[in-house]
Every structure is written in C-alpha cells, then in structure tokens.
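> what's the 3D shape of this:
(chains A and B)
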Amino acid sequence: MSSVVVVGAGPAGLAAAAAAARAGRDVLLIDAESRRGGQYHRQDLLDTTERFPLPPGVEHLAETVVWAVEPGRRLHLLTGPADGPGRRRRTVDAAALVIAPGAHDRVLPFPGWTLPGVYTAGAAQAMAKGQRVAVGRRVLVAGTGPFLLPVARAVLGAGAEVAAVLEANRPRWHTEPRGLAAGLAKAPELLGYLRTLAKHRVPYRTRTAVIAAHGADRLESVTTARLDERWRVRPGTERELEVDALCVGHGFTPRLELAVAAGCALSGGFVSVDPAQRTSVPGVYAAGEVTGIGGADLAAAEGAVAGLAAAGAPVPPRLLRRVRSLRRFAAALDRVHPVGDGWREWLTDDTLICRCEEVPYRALRAAAPGARALRLTSRAGLGLCQGRTCGAAVADLCGLPGDAFARRPIAAPVRLGELIDEENE
Amino acid sequence: MVDVTVVGAGVIGAACAEALSAAGLRVLVVDRADPACGTTAAGEGNVLLSDKPPGPELELARVSRALWPELLAHLGASAEWEPKGGIVVATTDAGAAALAATASGQRESGVDAVALTPDQVADMEPLLTKHITAAMHYPEDAQLQPVLATVALLTAVRQRGGEVRSGEAAVGVVTKGGAVAGVRTERETVPCRIVVNACGPWSAAFARAAGAPIDVLPRRGMILVTAPLPQSVRHKVYDADYVGAVASGDADLQTSTVVESTQAGTVLIGSSRQRVGFDDTIRVDVVTELARKAVALFPFLADVPVMRAYGGFRPYSPDHLPVIGEDPRLPGLWHATGHEGAGIGLAPATGRLLADLVLSRPPSVDPRPFRVDRPAVIAA
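Numbers count the residues shown, from 1 in each chain, chains lettered A, B, ... in the order given. Predicted coordinates:
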C-alpha cells in the first residue's frame, strides 16, 4: 500500500505532492510527461535545469499513464514512452488519491478546422515552450479566454509573426467588480502580455472570430468576421486573411476519466469537491482544472489543500480563503468569456465535427437520440481520441450533458500484449 | 386507444412492437430512457447459430436468423447487416472433440456447420494462430448494428400509427377483475389490455412492480475495442469454449473469445460473463483475460492498442432460456426477456412468437420451453 498517490504533475499535482510530503507522508507523483510542470509550467526539453525540485519523500514516476482505476483506489500504470515497446506495467493501491490531471483544449469546430496548419492554442504553446518551435511563419491566434495572450507571446517568442489575436467576446468586466478585485494580483501578468503584443504591433480585436479556414492541402487563409453578443456573424464583416498557421482555443475541457472511473460524483461537468477538495469517494481528492477551470494559481492552491487533506493534516484557514478568492476570480473570468451559441451558424452540413471518425454535422443531426445511441449511429466520439476533442461540441450540438463523453474505463490506450505481461515491478 | 403497451425500447421491445403493429394492433412503446440505449447498445450485434447447442434456443435462433434479412428488407433498412459467417476454432484435443460433437448435433437440427482443414482455415483467416486442433465454419452466422436495427423497427411502429415515448418510465400496471387494465407510467395511466415486459436485465424489477415477480438477473458482459487497423479479421472467430460459457450459471468470471473486425476498422474482442449485479466498474482481471485469449487466437493483436472497453448487463434466467409468453398469475401481462447475450439475434423470432400467442395464431416456434410458468422463472 503506497501512501498518498498524486496523478498529474502540473500546478495542482506538484502542490499536492509537496504539501503531503511536508506533512510527513510518502508520496508517489505520477505524470504522463517526461518532465514535471504540466502544460502551464511546461519545461524546455532542451534545457536540463530542473525548475521543480521535489521535497524529500516524493517519488516521481515520469512517462507514466494511469490506464485504469478500480474500486478501492487501485491504479493500473504503464511506464515508458507511449509510442515505444516495452512499457512497464504496475499496480498501485493508494491510501489516499489526489486526482489532478488538468484539462485539455476545447476547440469549436468550424469549416476547415481539420486542415493541417490549424492547431489548438495549447499545442502551439507546448511546441513553442517545450521545443522552441513556432507552428508557422505568420500565425493567427483566435478563440476566447485569457489563455490566448500567453499563447500569442509564446508564438512570438519562438520567432513567428502573429497576425492578430482575435477574442470572440468583449469581456464585460464592469459587471464583475468582485471577481475583478479577487484577480487584481494577475494584473501585472496581463499588462506584460499586452505590452508584448504592443511591442510587436500585434492587433488585439474583440468580438471577432475565425469562422472558416481555407487551403488546398494545408492552411492558406482564413475568413474572419465580427460577431454579435451571441457569436452570430455580423453580415458584411467577413474578411480574408492570409496566414500559414492558426491557433484556436475556446477554453478547456476537464480530464474527467480517472475521476469518473474512481466513482466520483460530477456536477456541472466537473468533479464535485468539498472545501477540503474531498470528492464523493472516501480517500479520493481532486484539485485543479478537473474541479473547475481556474488557471494555475487556483490549481496550485487547491492542490496544496488536497495534499494536506489527503495526508490527514490540518488545512490552514488562510489557504482555504485563498482558494475561495481565486475561485471568485475564475468564475468571473468564465462568465465574461462565455461560448456564444451562434457558433453553430458557422457550420455547414459538411463540417466535420468528430475528426477521428470523420463525422460531418449532417450525420450528427441524423443520428438517434441519447448519448449511447447517438455515438453508435453517428460514430462521433468513437475514434482514437474517444471524444476528447469533439465530445464537448457534440454534446452542445445534440443537447447532451457536457460530460456525456467523460466515461472512459480504459483511460489511456493500452496494447493487448502489455495487458498480458505479468506485472514486472 | 392503445391495445398493447410494450415496456422497454431495446431490440426485444422494438421487435415485439413491430410484430404486434404489423398485425394491426395499436401499440405504445415506453422507455425510461432513449431507445436502444441499454443492453442493446452494449452488444456486439451477434446473430449466431454456432454458439447454440441443439435445443429450443437453437430453434428460435434458426427462425430468427431467417427473419432478420426479410424484416430489414421489408423495413427498407440495412442496419449494417453482414452475413459474414463464423469460424469456431479449438486449440486443444478435448476442445476439438467437443466441437465435433456439438457441430454434429447442430447439423441434425439443420444448421450448416462445415469442418475445415488447416489449409482452408489459413486461407479464410490468414492471421489466425496456426496452433489449432479443429475448426468449424458456420456460414449462417451474421452481424448487424443493433441500434440501427432497433431504430428501424420503432420507425415502422410509428409509421403504422404506434407511439414511442422516451424518458417515461413505466412504474406498474392497473388491474381490473384480476387482469391487466392498463399501464402506469410516471406521468399517467394508459388503459390497455396487454402489457409486454421487455425490460431486459431490469424486467424482474418491472415484473415485481406489476405484482408478478419473475427470476431474471443481470449478467455483466465486457467487450474491448482496438484502434482502427489495416489488418482485418474476416469472420466472427470464436474459441470452442464459447459454448460452455453461455450455458453456465457460475457467478465466477467466464470469458470465451470472440474476435471480429467492424466496418470502422476496429477489432472487437468479447466477451466476458460475470454475475456482479448492476456493478459497472471496470475489472482489470476481466480485461486481462480477454486480452490473453484474443492474442492466443490472433498473435498480431499483441501490438495493437485497446482504445475502449464497453459493457452492459444481459438478462438471464436461471435455466438460460428466454421467457416469452403470458404470465399465468396476471392475464394481460406478457414477458419477453431473458435472452442473455443473444437478444439481438433472437429478437425477430421473439416478436413473431409473442404476436402469434397474443393473436392465437399457430406459433412459429414451439412456445412451451419459453413459457413463464416454469420453475426456473417463477419461484415456487
């Protein structure tokens, strides 16, 4: 029986592991990447300096995926490069489990979004941060949310030109005075981004979106348009813009499969937690984006709470107050960056919604109702990504709950041969 | 006015509703969820003769196998019907003997079962292991997409003036003079003289609510799905112990391998049978056992990633025969359930037989083995 097991070495997981270790517990920190930090603190693979040293008592299992969770907090792990042979299989029984796997990009489909040259904002950032590679020479960043700004900066930092940053909303901060106050500490970071954009003469346009991407074999140009409050196109505002790369992000989708497999209750598409980050399952805690999209600071604060609680240590009220304040800011951020339902009008019959199985919008509309029947009759969400990319959009278009695709008992692909191998710890 | 209310919009309920509406009855189908989202969606779409030893279920399966293509043609639906045939292989001498004996009995019942030489098997399934002791080809085994088939059946019901209500649970029946006078849903009471319990693994609960309990239990099955592959398995390929698993009542885990490719390029690996109530959490020992047997049949699968596992609950009666008929304790209450993992294949014959009995037509299959008042179904 291992002591505290933390899944995910991003801001939440790192804070949880450190807090539990300082409280005197042995900690196993599991992460799919080769280096700690997660997406937000992604470390440069070319620079070997370790930015996240671990306190004593924490064992870090890098390049390790949790492919199944069984009742009783039993985790099934595979360690090794995902595309290489000979991954090691191992089973861990956690005395306490902290689930902190984060989120992945949410991207709304639009005509042409599957063309090579169209990237998720997160992928563009990861390539720039992790490998110093720019996704193109002339890059457009579009979507909604504050995340577009660091992405633009990362792309600039990798040496590309950024044609513009297009924000589909016009954030109405004056309606959120309390949330704004809670987030004042983030103001210098925001100003830093805006200064970088100004220095490189990158236009920042609100109520503007990419509604179509064009190109023969890869991206050559996009159609942008001004939007109304609900994201419907203002007629006559369509413009063509030549770019060779597009980064799009419309917020984030929590990685729920481990929490669902562990039996944790969800609410509103996220894992339900109490103030100590306890889920509905005894001994299972959750922290970070899986409990609500809120950014790295909130994730780290929740992680510290979860780590202490999982270790059985008292949680200082100061820390709980910090979580509450950051949540207020996160909720306000979320409210001023809604996804307007007008995006459906950007779609054509032929627009692919599920790209793994190449399911066009037409087929989705013809599918049988009900999450299970819909998937089986349209094949949406049944491909390699198992609905991680399209699930939120399919749910939205078909009136299903946002977590309709969250159940994935096989939480990561596993080769049949790896299943057969006896455990080789 | 409704003549018959069918409770449950899975493939069995849909087939009953289709057969009854084809005979001119006014049919209402109610389901607590959307159609085909329970056991039906969790199946592989098997329409099999190969896995059934001689006996009443095989008779029902033969009628059903003949009915499916007829019915789909009549409804103008394809439902991905694919008469791809099955190959059962044995990997031990004991397995070979059992397979030969089963096939011989099946042939006497009219099933086409052709023994294959090693060269013939290698030709038909080039990727199959060479370590086999016997192989039998069942050309009649077929495959369809159960959700599409169910949708097609329900569409026909609607076109004939029937009604299908989703998201409305049936909670019991009303009786008058000791017979059914209507069905109670969570919204209203619908007067009708006949109620068909087609709730699959949940049919014991509805029967209890109706005041006529039957013994039908859930048995969990799990299927693995690989990533799409360039290679393909051309038939349904089973190992010979499949027959043993179906007929067993042990609670312990049983697996017997069924490997086949789908039109989407994935390979399906089934199937386990386990009595764990309605517990649907993943069991890694089940996954591992399925993987072990699949790789033993098709060694190339060792390097293939599993992308997904799905499963569901299959309704079984303690004597492993479907329950089709009127409940002698409550006239007007009919059951069509207990098909275990064979409901997709047995659906059209079940609907036909039920309609025959309701309408007092000469039955298409001997109904006695499936009657409700047998000791395994009605606890004394």
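> Would you map the helices across the stretch 51-200 of chain A?
Across the stretch 51-200 of chain A, reading from the start of the chain, the helices by DSSP state H, counting those that start in this stretch fall at A:121-131, A:148-157, A:177-182, A:187-199.
> quick one: buried residues of the first one?
Applying a neighbour-count criterion of 16 or more other Cβ atoms under 10 Å in any protein chain shown, the buried positions in helix A:121-131 are A:121-130. (Each C-beta comes from the backbone N, C-alpha and C, glycine too.)
> And the shortest one, by the same measure?
Buried positions in helix A:177-182, judged by neighbour count with 16+ other Cβ under 10 Å: A:179-180, A:182.
> Apart from its neighbours in sequence, what residue is nearest A:His60?
Take A:His60 and drop its neighbours on the chain: the residue closest to it by Cβ to Cβ, 6 or more residues apart in numbering or on different chains is A:Leu29, 4.8 Å away.
> Would you agree the one you found falls within a strand?
Yes - following the definition DSSP: H, G, I helix; E, B strand; the rest coil, A:Leu29 is counted among the residues of a strand.
> ok now do it, which residues does it touch?
By Cβ atoms under 8 Å, 6 or more residues apart in numbering or on different chains, the contact list for A:Leu29 reads A:6, A:9, A:13-14, A:17, A:36, A:54, A:58-61.
> And for the residue in the stretch 101-250 of chain B that chain A sits nearest to, the neighbour number?
Here the stretch 101-250 of chain B gets closest to chain A at one residue, B:Val147, 4.5 Å apart by Cβ to the nearest Cβ. Other residues near B:Val147 number 28, with proximity taken as other Cβ atoms under 10 Å in any protein chain shown.
> contact partners of stretch B:47-56?
Defining contact as Cβ under 8 Å, 6+ apart, one finds that stretch B:47-56 is touched by B:58, B:61-62, B:64-65, B:68, B:86, B:88, B:102, B:105-106, B:108-109, B:111, B:113, B:136, B:138, B:140-144, B:236, B:238, B:242-243, B:246-247, B:321, B:342, B:344-345, B:365-366, B:369-370.
> give me phi/psi at B:Val284?
phi -70, psi -30 (degrees, to the nearest 10).
> now it: how far from chain A?
When Cβ to the nearest Cβ, to the nearest Å is the yardstick, B:Val284 and chain A sit 5 Å from each other.
> those helices in the stretch 251-400 of chain A, which residues are they?
Along the stretch 251-400 of chain A, the stretches classed as helices by DSSP H, counting those that start in this stretch are A:257-262, A:295-310, A:317-336, A:361-366, A:371-378, A:391-398.
> repeat for the stretch 201-350 of chain B
Using DSSP H, counting those that start in this stretch, helices in the stretch 201-350 of chain B cover B:203-209, B:242-246, B:284-297, B:343-358.
> In contact with B:Gly311, which residues?
Listed by Cβ under 8 Å, 6+ apart, the contact set of B:Gly311 reads B:42, B:220-223, B:272, B:280.
> If we look just around chain B, which residues of the stretch 101-250 of chain A are in range?
Counting by Cβ under 8 Å from any Cβ of the partner chain, no position of the stretch 101-250 of chain A is adjacent to chain B.
> most tightly surrounded among the helices of the stretch 251-400 of chain A?
Among the helices of the stretch 251-400 of chain A, ranked by average contacts under mean count of other Cβ atoms under 10 Å in any protein chain shown, first place goes to helix A:295-310 (a mean of 27).
> Run the angle between it and helix A:187-199 for me.
With axes from the mean of the first three to the mean of the last three Cα atoms, to 10 degrees as the criterion, the two stretches helix A:295-310 and helix A:187-199 enclose an angle of 150 degrees.
> Per-residue pLDDT of A:Ala373, please?
A:Ala373 carries a pLDDT score of 86 in this model.
> Where does the stretch 1-150 of chain B get nearest to chain A, which residue?
Ranking the residues of the stretch 1-150 of chain B by distance to chain A (Cβ to the nearest Cβ) places B:Asp34 first, at 2.8 Å.
> quick revisit: okay if I get the contacts of A:Leu29 as a markdown table plus neighbour count, pLDDT and distance to A:Thr208?
Formatted as a markdown table, the entries for the contacts of A:Leu29 read as follows, by neighbours: other Cβ atoms under 10 Å in any protein chain shown; pLDDT from 0 to 100; distance: Cβ to Cβ, whole Å:
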| residue | neighbour count | pLDDT | distance to A:Thr208 |
| --- | --- | --- | --- |
| A:Val6 | 34 | 98 | 40 |
| A:Ala9 | 30 | 97 | 36 |
| A:Gly13 | 30 | 98 | 36 |
| A:Leu14 | 28 | 97 | 36 |
| A:Ala17 | 34 | 98 | 41 |
| A:Arg36 | 22 | 91 | 37 |
| A:Leu54 | 17 | 91 | 44 |
| A:Val58 | 21 | 96 | 45 |
| A:Glu59 | 14 | 96 | 48 |
| A:His60 | 18 | 96 | 43 |
| A:Leu61 | 20 | 96 | 44 |
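> What mean pLDDT does stretch B:294-312 get?
Along stretch B:294-312, the predicted confidence averages to a pLDDT of 93.
> Quick check: buried residues in it?
Buried residues in stretch B:294-312, counting neighbours by 16+ other Cβ under 10 Å, are found at B:294-299, B:301-302, B:304-312.
> Sort out for me which of these are in strands.
Secondary structure of the buried residues of stretch B:294-312 is defined by DSSP state E; positions in strands are B:305-312.
> A:Ala332 reaches A:Gly179, doesn't it?
Yes - using Cβ atoms under 8 Å, A:Ala332 is in contact with A:Gly179, at 2.2 Å.
> which ones are touching the nearest residue to B:Glu80 once chain neighbours are set aside?
Beyond its immediate neighbours in the sequence, the residue positioned closest to B:Glu80 (Cβ to Cβ, 6+ apart) is B:Gln145, lying 4.0 Å away. When the contact criterion is Cβ under 8 Å, 6+ apart, the partners of B:Gln145 are A:376-377, B:45, B:79-80.
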